[in-house]
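Trainee: just the structure for this:
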Amino acid sequence: MNDHYKRGSLQTIQRLQELLTAEQFEGFCRGNVLKYAERAGYKGDEADDVDKLIDYARWWRQSVKGEKITVNAEVF
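Mentor: Numbers count the residues shown, from 1 in each chain. From the prediction side, this is the model:
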């Protein structure tokens, strides 16, 4: 993972989960799923957008289940 997504020991997405309510964080993830689904194949590499969509969907699911999200080293 690129270091520019990391602040201290946490990735920015993990920090967002700490700072936002569960509802806000899940809405953020949902919005990014929709964004990457809509733009896949139109901006940049389609496979990269699908990978990001999957990451945000996984984080959304983890949050819905009341879990702390896990960050895959291959994200972004």
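
Trainee: so, low pLDDT: which residues of the protein?
Mentor: Scanning the chain with the threshold set as pLDDT under 70 gives 1-8, 73-76.

Trainee: and the residue most central in space within the chain, what helix or strand is that in?
Mentor: In the chain, the residue lying closest to the centroid (CA atoms, centre = their mean) is Tyr56, at 3.5 Å. If you go by DSSP states H and E, Tyr56 is part of helix 46-64.

Trainee: picking up where we left off before, can I assume the residue nearest to the centre of the chain is in contact with Leu34?
Mentor: No - here Tyr56 does not reach Leu34: they are 9.3 Å apart, not a contact under CB atoms under 8 Å. Every residue, glycine included, has its C-beta placed from N, CA and C.

Trainee: what separates the residue lying farthest from the centre of the chain from Tyr36, distance-wise?
Mentor: For the chain, the residue at maximal distance from the C-alpha centroid (CA atoms, centre = their mean) is Tyr42, at 19.8 Å. Separation of Tyr42 from Tyr36 (CB to CB, to the nearest Å): 11 Å.

Trainee: which residues in the protein form strands?
Mentor: With DSSP state E applied, the chain shows strands at 6-7, 10-11, listed in chain order.

Trainee: what helices or strands is the helix holding Tyr56 leaning on?
Mentor: helix 12-19, helix 22-39 (3 or more CB pairs under 8 Å, 6 or more residues apart in numbering; DSSP states H and E).
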